[in-house]
Structures are given as C-alpha cells and as structure tokens.
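**Student:** any chance you can model this:
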Amino acid sequence: MKKTRRTLFIILIVLGICCLAAAGGILLYRYQRDRQSQETLEALRSSAESYTQTQQPSESSEDIPPTAAPTESAQSTPAPTATPQPTPEPVENPYQDSFLANEDMIAWLAVPDTRIDYPVMWTPRDENYYLRRGFDGGSDQNGCLILDTDSCVDPMTTNLIIHGHNMKSGAMFGELDKYKEESYFQEHKEMLLHTEKGLHTYEVIAVFPSQVYLKTEQVFKFYQFFQADTQEEFDDFYNNIKELSLYDTGVTAQFGDRFLTLSTCSYHVDHGRFVVVARETDCEDIYAPFR
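**Tutor:** Predicted coordinates for the structure are as follows:
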C-alpha cells in the first residue's frame, strides 16, 4: 500500500514538473514571438523615419532669392497677374516598405506623441485573422490594428472603423482610454492615416464608452455605421456621437465629411467598448505608385 502511494506521489511530482516546464516553454515562446513582432514593427518605423529625414528640405542661399530694392521702373510697372501653381510632384510613400512587406496592410495609423504608431491590417476574407497575429503573421498576443471589413479605403467609405486590443502594456490601443480626460484630448487632437495613395489628417470630434449590443436591441450602434449616402444617415450618426461624448470637443461636422473611429475593449459593462471618433480635416493624394 505504501509502495503504491509512493509511486502515485512520484507520478504526480513528475506530472507537475512536466506541466510547469510546458507552461514555462509556452511563456518563453510567447515572449520570444512578441519580442520578434516588436522588432519587426520597430524596423518598419525606422524605415519610415529614415525616409522622412532624408526628404527634409535644406535651406540654402540658392533656395532663398536675394532681396533687392525696387527700381523706379519696377515701381511704376503693375504687378504681374498671379499664375496658377503647378501641381506638386508625387513623393515616395514613407511606408512603402511596409506596404510591400505585407499585402494585408491597408494603412499606417499614427497619433503624434502617443504610442499609437502601427500598421493597420485589412483581411475581408477573415476579419479576425490578425486578432492574435503580428505583422509578420506569427503568433502575437498583441495582435494588430484591424480595419473593419465593412470599411473601405479605396474608394473610401464615410467611416473607417479600426479595432485594436486594449493591452495592459499600453501596446496597440492600450492607451486609447486616456482620451477619457479632456486634458489628454487637448494635447492629442490630431490623428494621421497614411494610405497607399495619400495622407489623411483627422481631428478628434467625440469620445465615449459604448458596448456591443444584442441584435434585437433598438439602440445606436456605432459599429454599424460605415456610409452616409443621405443627410438622415449622417445626422443619426453625428447627433448620437456628439450626445454620447464625455465632453464637448468643440469640433463640428457636416454632411459629406468623413470619419475615423477607433474602438477598443472596455470593462465598464459586458462587451464594453471605448470609442474615439475623429473627423477628416485634410486629404492629400501625394504618394507616387509603388515601384
């Protein structure tokens, strides 16, 4: 009897050690994968930053014409009529390397002076493909920022909805809920979205908590708004986000404007979401086609 108990005890100890070793191996693997994903992102960011730095215009005496006093004849001659400025030449997309590295990348989102500086993936075949995958397709608990499959960049829908994990580390949309504080909004109003063709600039217009509702619930569902073809459709979205907003941003919009909606998990209710909506203020199709 004692021998049997001792054997069982040894077996349990061995099983415990095996379980701990397996758990340790899984954690180590996840750590290595997450680190590899972060290194991939850092390399992509560095590539864009290097390009931006090389494209900074340099000031020289050749760039600035010398100032001279006008002559008598020049003073009596009427000023020439202004001529239309030529269309700027397309420039290379600073995120070209990232777009070419993964065809699933649809844009790059950056919120200046925050940790939000990530590629945005779009996989209509499977919206959740990058839910727990990194940019390189490998396992990553952070996942990627994901553009909702019902949103479209080309042609662009009225509203682009981007989903991201609320990571405790602050990665992805882990710091998005800082917008609960109006003071944070005041310092981080601007958002930039680089697509293949151009740069879209946005300004935060509303910040609010929400949730994923049952299909039968007759309430405003921010995650179902993608296109406003009529004034009524626009007003329904616009009036609701302004009413729900935690504070008045002072930013307004009108029919024809486009929006960027960032959504992440929140734990104030079951299936909670924290939402930041921004209005497009500028759009420049300035990027040359990829070579």
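
**Student:** centre of the chain to stretch 93-100, how far?
**Tutor:** 15 Å (Cα atoms, centre = their mean, to the nearest Å).

**Student:** that one - what's its average pLDDT?
**Tutor:** For stretch 93-100, the mean pLDDT works out to 96.

**Student:** same deal with stretch 262-279?
**Tutor:** Mean pLDDT, stretch 262-279: 97.

**Student:** hey, C-alpha coordinates of stretch 175-189 in CSV?
**Tutor:** Taking Å, rounded to 0.1, in the frame of the first residue of the first chain, the C-alpha atoms of stretch 175-189 are listed here in CSV:
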residue,chain,number,x,y,z
GLU,A,175,-3.7,53.9,-24.0
LEU,A,176,-6.8,54.9,-26.0
ASP,A,177,-8.8,55.3,-22.9
LYS,A,178,-6.6,58.2,-21.9
TYR,A,179,-9.0,60.2,-24.0
LYS,A,180,-11.4,60.0,-21.1
GLU,A,181,-9.6,63.0,-19.8
GLU,A,182,-10.3,66.2,-21.7
SER,A,183,-6.8,67.5,-20.9
TYR,A,184,-5.3,64.5,-22.8
PHE,A,185,-7.6,65.3,-25.8
GLN,A,186,-6.4,68.8,-25.8
GLU,A,187,-2.8,67.6,-26.3
HIS,A,188,-3.6,64.8,-28.8
LYS,A,189,-6.3,66.1,-31.1
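
**Student:** give the buried residues for it.
**Tutor:** E175, L176, D177, K178, Y179, K180, Y184, F185, H188, K189 (16 or more other Cβ atoms under 10 Å). Just so you know, the C-beta spots here come from the backbone N, C-alpha and C atoms, and that holds for glycine as well.

**Student:** quick one, strands of the chain?
**Tutor:** 105-110, 117-121, 145-147, 159-163, 190-194, 199-211, 259-266, 272-284 (DSSP state E).

**Student:** for stretch 184-198, how far is the first residue from the last?
**Tutor:** End-to-end span of stretch 184-198 (Cα to Cα, to the nearest Å): 27 Å.

**Student:** again but with stretch 154-174, I slipped
**Tutor:** End-to-end span of stretch 154-174 (Cα to Cα): 28 Å.

**Student:** buried residues in that stretch?
**Tutor:** Those would be 156-167, 171-174, for stretch 154-174 by 16+ other Cβ under 10 Å.

**Student:** so which of the residues you listed is the closest to K221?
**Tutor:** I161 (11.3 Å; Cβ to Cβ).

**Student:** so the closest one versus D150, what's the distance?
**Tutor:** 8 Å (Cβ to Cβ, to the nearest Å).

**Student:** give me the common contacts of those two.
**Tutor:** F226 (Cβ atoms under 8 Å, 6 or more residues apart in numbering).

**Student:** compute the number of surrounding residues for the residue lying closest to Q231 once chain neighbours are set aside.
**Tutor:** Leaving aside its chain neighbours, Q231 sits nearest to F255 (5.1 Å; criterion: Cβ to Cβ, 6 or more residues apart in numbering). Other residues near F255 number 13, with proximity taken as other Cβ atoms under 10 Å.
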